[in-house]
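*Asks:* attaching a predicted model along with its sequence, questions to come.
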Amino acid sequence: MSSNTFGKLLSVTTFGESHGPAIGCVIDGCPPGIAIAPADFVHDLARRATGKSRYTSQRHEADEVEILSGVYEGKTTGTPIALLIRNVDARSKDYAEIAQTFRPGHADYTYWQKYGIRDPRGGGRASARETTMRVAAAVIAKKWLKQRYGVEVHGWLAQIGGIRPELSEGAAIDFDSVESNPFFWPVAAQVPELEHYINALRKAGDSVGARVNVVAVGVPPGWGEPVYGKLDAELAAALMSINAVKGVEIGAGFAAVVQNGSEHRDEMRLDGFTSNHAGGILGGIASGQDIVASIALKPTSSILIPGHSMNTAGEEVEVRTKGRHDPCVGIRATPIAEAMMALVLMDQALRHRAQCGDVGEVSPRIA
Ligand SMILES: Cc1cc2nc3c(=O)[nH]c(=O)nc-3n(C[C@H](O)[C@H](O)[C@H](O)COP(=O)(O)O)c2cc1C
């Protein structure tokens, strides 16, 4: 009911607020024997972190993971894994002005109406600080998926405002390029244009939306479930649960609306599927093709441009949000989207193994 846990066989519960003493998670159902050390978390947490470039929020958190349980002599034991990260750079005074005021577009009003009390500091539980623990939990999922099945999950920023990567249709993504710049942008030559764009946006006190694409490569056919546990349904829910996400597409997504069946169906030949409009999922079950998803993120609501709003006393007020905010939340969403896809896939892999582990390969796989 309180919805701080997700996943069936692999479940993740997160806790903590943006400006509380710490954030953390409990990962339950993880298989034993996976080698895990604090150093494993450094790379992905740094990719998600604020303050790593001029183009994100300037909050500086060390994001050092403490492993409290579930790991003995460097390996998971099969018992609940508890991870903790202490918040060290909260500046709560920035939020004093909005403690009684609802930022338009943020969760202030809805949390207030639901609970009758809210922690306004840094956005409290609605802050994307919570997603740090999703990324931390997914470090274990990514490692297991890679080691056990050769599955890799990669994301990239596919649009900021009106700017798209200058790539021809169907061109392969250069993930070295994606990792080489603070925008997770696949075309390095466009980075100066993005820098200029975000600088101008910051100067104007405004923000902008974005699109993030995420793909899982190497998923074997069979993962996923029919009807209520469809892999695409669970992926959509997991991706939609990321702060600021307003849309999720799987494969062709909304482009399917204008396609004909003869175009959309992914034909099968001896040398493989001829296209991937399904995004690697048919009937809720992986086909063995790449699992492809795309998310739309709204523009940051905490901006300097004054806007109309209300306060808790029911009066009209003008809001101008100061403090440290992301001018485009989509920039840091890439590792979060990867994390949610990896966690869903690991959960589904364990569920597939539990029910259908004895089925084996009934037909040759389509490439
Ligand atoms: C990576 C990331 C960073 C974010 N940073 C900010 C921010 O600096 N300021 C802000 O107002 N919202 C930020 N958000 C968005 C809010 O957390 C989100 O809009 C808010 O919780 C309301 O939820 P909703 O947009 O999903 O309805 C961020 C979201 C993500 C994914």
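*Replies:* Yep, it's here. Numbers count the residues shown, from 1 in each chain.

*Asks:* tell me where the stretch 251-367 of the chain has helices.
*Replies:* Applying DSSP state H, counting those that start in this stretch to the stretch 251-367 of the chain gives helices spanning 261-264, 330-356.

*Asks:* hey, which of those helices is tucked in deepest?
*Replies:* helix 330-356 (a mean of 24; mean count of other Cβ atoms under 10 Å). In short, each C-beta sits where N, CA and C put it, glycine included.

*Asks:* from the chain's centre, how far out does stretch 235-246 sit?
*Replies:* 7 Å (Cα atoms, centre = their mean, to the nearest Å).

*Asks:* measure it end to end?
*Replies:* End-to-end span of stretch 235-246 (Cα to Cα, to the nearest Å): 14 Å.

*Asks:* residues in contact with the host helix or strand of residue 23?
*Replies:* Taking DSSP states H and E as the definition, residue 23 sits inside strand 22-28. Applying Cβ atoms under 8 Å, 6 or more residues apart in numbering, the set of residues contacting strand 22-28 from outside is 10-17, 68, 70, 80-87, 129-130, 132-134, 136-137, 140.

*Asks:* hey, C-alpha coordinates of that strand in PDB?
*Replies:* The C-alpha trace of strand 22-28 is given here as PDB (Å, rounded to 0.1, in the frame of the first residue of the first chain):
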ATOM      1  CA  ALA A  22      20.800   9.000   5.000                       C
ATOM      2  CA  ILE A  23      19.200   7.100   2.200                       C
ATOM      3  CA  GLY A  24      19.200   3.300   1.800                       C
ATOM      4  CA  CYS A  25      17.700   0.200   0.400                       C
ATOM      5  CA  VAL A  26      17.100  -3.500   1.200                       C
ATOM      6  CA  ILE A  27      17.500  -5.900  -1.600                       C
ATOM      7  CA  ASP A  28      15.800  -9.300  -0.900                       C
END
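
*Asks:* for it, list every residue counted as buried.
*Replies:* Neighbour counts over strand 22-28 (16 or more other Cβ atoms under 10 Å) mark 23-28 as buried.

*Asks:* I'd like these written out as a markdown table, with distance to residue 305 and pLDDT added.
*Replies:* As requested, the buried residues of strand 22-28 are exported to a markdown table (distance: Cβ to Cβ, whole Å; pLDDT from 0 to 100):
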| residue | distance to residue 305 | pLDDT |
| --- | --- | --- |
| 23 | 30 | 97 |
| 24 | 35 | 98 |
| 25 | 35 | 98 |
| 26 | 40 | 98 |
| 27 | 40 | 98 |
| 28 | 44 | 98 |
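
*Asks:* tell me the one of the residues you listed nearest the ligand?
*Replies:* The ligand lies nearest to residue 23 out of these, by Cβ to the nearest ligand atom, at 13.8 Å.

*Asks:* so what's that closest one closest to, chain neighbours aside?
*Replies:* In this structure, residue 23 finds its nearest non-sequential neighbour in residue 16, 3.1 Å apart by Cβ to Cβ, 6 or more residues apart in numbering.
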